[in-house]
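Participant: Pasting a predicted model and its sequence here:
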Amino acid sequence: MGFVEKLHILHSAWNYRLNTEKNDIRFLLELNLRGKTVIDIGANRGIYSYWMSRKVGPNGKVIAFEPQPELEAHLLEFKAAFKFYNLSIIRKGLSSSAGSQNLFRSEPGSGGASLNKSQSSNEWQAIPVEVITLDSYYDEFMDVAFIKCDVEAHEHDVFMGGRRLLERDKPCLLFECHHDQAKKKELFSYLTSIGYDGFFSFKKGMIHFSQFDRYPYRRENEHHRNYIFLHPDFIKRHDLKKRFYG
């Protein structure tokens with residue numbers, strides 16, 4: 001990876017931290033994740049992996065899932081350039097069952113690539129990718145403390161395929177959810193059924209997920225936001241009750 005590309009990644013990482021997703025990345029960096037295992041699902045070009053790798057430190061582990069074949073070389077160069085020896089890259093998608101699925105995207109490396117055809121347009125290409133469940137790594141991934149998931153409306157399937165791991169480790173979940181997906185309530189209902197409660201940031205406060213349709217999105221043309229779902233055990237371990245419940 002050349003100097004210019006490395007500089008571009010640094011610029012993107014800090015832009016996310018200071019602007020695009022400042023509240024969510026600030027929350028991530030405030031958690032005690034040193035030495036823990038964290039998972040970046042839909043890693044794309046590694047912006048979240050950058051902050052996650054720095055946060056968990058040399059004794060922690062970052063597992064990055066990214067099924068787009070063209071991004072594997074980029075992520076390997078990214079790992080070497082920043083000396084993120086705690087980062088492992090898995091070129092697979094995650095879903096509710098293992099097999100092969102079509103990934104729909106507007107172009108190679110697209111940040112909007114999705115396993116949900118409803119998210120695509122007729123002009124998008126479909127490429128076959130290998131998918132697996134998060135629970136397939138149940139005996140391999142231990143002490144998972146944090147999961148970031150951005151898979152363009154496939155989050156419900158991802159978490160369904162990781163139920164055993166979620167129930168065992170009770171990690172913090174940071175995920176993107178589209179408005180149409182939120183209205184269906186399937187994802188929210190599933191997570192609450194296994195003990196989670198959720199929030200999203202608005203200005204300087206945290207709003208309960210049940211109020212999702214009462215607050216505007218960041219921009220007029222946006223119809224999605226990030227949600228933070230927490231298990232009571234995680235809230236207790238990290239002393240977060242006051243922050244989320246006042």
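Facilitator: Structure's in. What do you need?
Participant: what residues does stretch 208-227 touch?
Facilitator: 21, 24, 173-180, 182-183, 188, 197-202, 207, 229 (Cβ atoms under 8 Å, 6 or more residues apart in numbering). Yep, even glycine has a C-beta here, placed from its N, CA and C like the rest.
Participant: From those, which land in strands?
Facilitator: 173-178, 197-202, 207, 229 (DSSP state E).
Participant: Among the residues you listed, give me the pair with the biggest separation.
Facilitator: The largest separation in the ones in strands among the contacts of stretch 208-227, counting by Cβ to Cβ, is between His178 and Asp197 at 20.4 Å.
Participant: mind checking the SS state of Tyr48?
Facilitator: Under DSSP: H, G, I helix; E, B strand; the rest coil, the three-state class of Tyr48 is helix.
Participant: count of residues packed around it?
Facilitator: Neighbour count for Tyr48, taken as other Cβ atoms under 10 Å: 26.
Participant: ok, now the one 5 residues further on?
Facilitator: By the other Cβ under 10 Å criterion, the neighbourhood of Ser53 contains 25 residues.
Participant: wait, it sits on Leu87?
Facilitator: Yes - counting by Cβ atoms under 8 Å, Leu87 is a contact partner of Ser53 at 5.3 Å.
Participant: CA atoms of the helix or strand of the chain with the lowest mean pLDDT as CSV?
Facilitator: Ranked by mean pLDDT, DSSP states H and E, the helix or strand of the chain with the weakest confidence is helix 241-245, at a mean of 91. Listed next in CSV are the C-alpha coordinates belonging to helix 241-245 (Å, rounded to 0.1, in the frame of the first residue of the first chain):
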residue,chain,number,x,y,z
LYS,A,241,-27.0,2.1,33.1
LYS,A,242,-27.0,5.8,33.8
ARG,A,243,-25.9,6.6,30.3
PHE,A,244,-28.7,4.7,28.6
TYR,A,245,-31.5,4.8,31.2
